[in-house]
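J.: Sequence and predicted structure, then a few things I'm wondering about:
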Amino acid sequence: MKIKKITKAVFPVAGMGTRFLPATKSVPKEIMTLVDRPLIQYAIDEARAAGIREFIFVTSRGKSALEDYFDVAPDLENTLRKAGKKELLAVLKGTNMDSGAIAYVRQNRPLGLGHAVWCARRLIGNEPFAVLLPDDVIAAEKPCLKQMVEAYAETGGNMVATMEVSPEKASSYGVLDVAEDMGAIVRAKGMVEKPKASEAPSNLAVIGRYILSPNVLNNLNKMKQGAGGEIQLTDAIAQEIGGEESVYGYRFRGQRYDCGSKAGFLQATVAFGLAREDLQREFSDFLHDMMAQQKAAQ
């Protein structure tokens, strides 16, 4: 069976970002900057590197800044061009999206991740597609979604990014029940959304990268509520286990940062700041001095 290429990706960005209030009162969380790029730019760049050509944003009220961010800015570009700032001009052009490449649909009720993906069903059609959660920023030599696309070319079916977590953290994730462990790829026999630590079937947690069959959209049509009273994407994926389309977990190579939490956002800021050649020395010296002052104060 020929496996279709993944060319469409869904970005669920309808959340209110309440954990980052008051900043998110007027600025969408996805526009918050990690060093000098907004979270959404990291997700878009990762998708582009994986061969994505159609970008579908599931938004909500108050997210117009997202649309503006990916539009051209002629006045700013002209100013940079006249000033001879070619490097900044190139950076700016990297944020532009071609006409027709990006589409926006509204999720008018906060009914969960599964519902957000379902809102994009007409734009997805009958094709396999990717889902990227911008809150999950992944530092990797080869972008996470590209790793998954390459693995998917061998397996087909449905694929979720996984990472190992401690038992006490399992209740924050969907967790795989593993039927066959093949190293980087595992075949799932079950998926449990936010299990108790004592009931987690494994330590492999699902994080915010997915490659899904259109059958998952049919499962979401049932609008079945799951954990937390929300329509869970994990539940819709789990319904494919044992059917024609298998479900696989992929142990990606890289470091994931949960930028949906304040601690995770700060950790990512430090890690990405230290990885920048233009910032590394000054930033590293600052962190060293801060740690020395803390130890002296203890």
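T.: Structure's in. What do you need?
J.: Now the longest helix along the chain: average pLDDT?
T.: Determined from DSSP state H, the single longest helix within the chain is helix 280-297. For helix 280-297, mean pLDDT rounds to 90.
J.: Who are the packing partners of it?
T.: helix 262-274 (3 or more CB pairs under 8 Å, 6 or more residues apart in numbering; DSSP states H and E). For the C-beta atoms, the positions are set from N, CA and C on the backbone; glycine is no exception.
J.: What residues of the helix it packs on count as buried?
T.: Buried residues in helix 262-274, defined by neighbour count with 16 or more other CB atoms under 10 Å: Gly264, Phe265, Ala268, Thr269, Phe272, Gly273.
J.: so who does the fifth one touch?
T.: When contacts are counted by CB atoms under 8 Å, 6 or more residues apart in numbering, Phe272 is found next to Leu34, Val35, Ala139.
J.: what do you get for the last one?
T.: When contacts are counted by CB under 8 Å, 6+ apart, Gly273 is found next to Val35, Leu279, Gln280, Phe283.
J.: Confirm for me that Glu127 is in contact with Ala9.
T.: No - at 11.2 Å, Glu127 does not count as touching Ala9 under the criterion of CB atoms under 8 Å.
J.: remind me which residues of this structure are low pLDDT?
T.: Across the chain, the ranges flagged by pLDDT under 70 are 1, 223-229.
J.: more neighbours, Glu127 and Ala9?
T.: Set Glu127 next to Ala9 and count neighbours by other CB atoms under 10 Å: Ala9 wins out with 28 against 13.
J.: Please tabulate the contacts of Phe272 in a markdown table, including the columns distance to Glu180 and neighbour count.
T.: Shown next, in a markdown table, are those (distance: CB to CB, whole Å; neighbours: other CB atoms under 10 Å):
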| residue | distance to Glu180 | neighbour count |
| --- | --- | --- |
| Leu34 | 36 | 18 |
| Val35 | 40 | 14 |
| Ala139 | 29 | 15 |
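J.: Around Asp71, how many other residues sit close by?
T.: Asp71 has 13 neighbouring residues, counting by other CB under 10 Å.
J.: which residues touch it?
T.: Asp71 makes contact with Asn96, Met97 under the criterion CB under 8 Å, 6+ apart.
J.: measure it to Ile102 for me?
T.: Using CB to CB, to the nearest Å, one obtains 9 Å as the distance from Asp71 to Ile102.
J.: Same check on Gly156?
T.: Distance, Gly156 to Ile102, using CB to CB: 27 Å.
J.: Now do stretch 20-39: distance from first to last residue.
T.: One end of stretch 20-39 sits 13 Å from the other (CA to CA, to the nearest Å).
J.: try stretch 25-43
T.: Across stretch 25-43, the terminal residues are separated by 22 Å (CA to CA).
J.: Provide the contact partners of that stretch at residue level.
T.: Contacting residues not belonging to stretch 25-43 are listed as 11, 13, 15, 17, 20, 23-24, 62-63, 65-66, 69, 95, 132-135, 137, 259-260, 265, 268-269, 272-273, 276, 279 [CB under 8 Å, 6+ apart].
J.: Just the ones in strands from those, please.
T.: Applying DSSP state E to the contacts of stretch 25-43, the entries found in strands are Phe11, Leu132, Val137.
J.: mind putting these in CSV, neighbour count and distance to Ser202 included?
T.: Listed next are these as CSV, based on neighbours: other CB atoms under 10 Å; distance: CB to CB, whole Å:
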residue, neighbour count, distance to Ser202
Phe11, 25, 28
Leu132, 26, 23
Val137, 25, 24
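J.: With distance to Lys4 added, can I get the residues you listed in TSV?
T.: Listed next are these as TSV, based on distance: CB to CB, whole Å:
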residue	distance to Lys4
Phe11	20
Leu132	18
Val137	28
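J.: wait, which of these is closest to Gly112?
T.: Phe11 (15.7 Å; CB to CB).
J.: Pull out the buried members of the contacts of stretch 25-43.
T.: 11, 13, 15, 17, 20, 24, 63, 66, 69, 95, 132-135, 137, 259-260, 265, 268-269, 272-273.
J.: Done for today, thanks.
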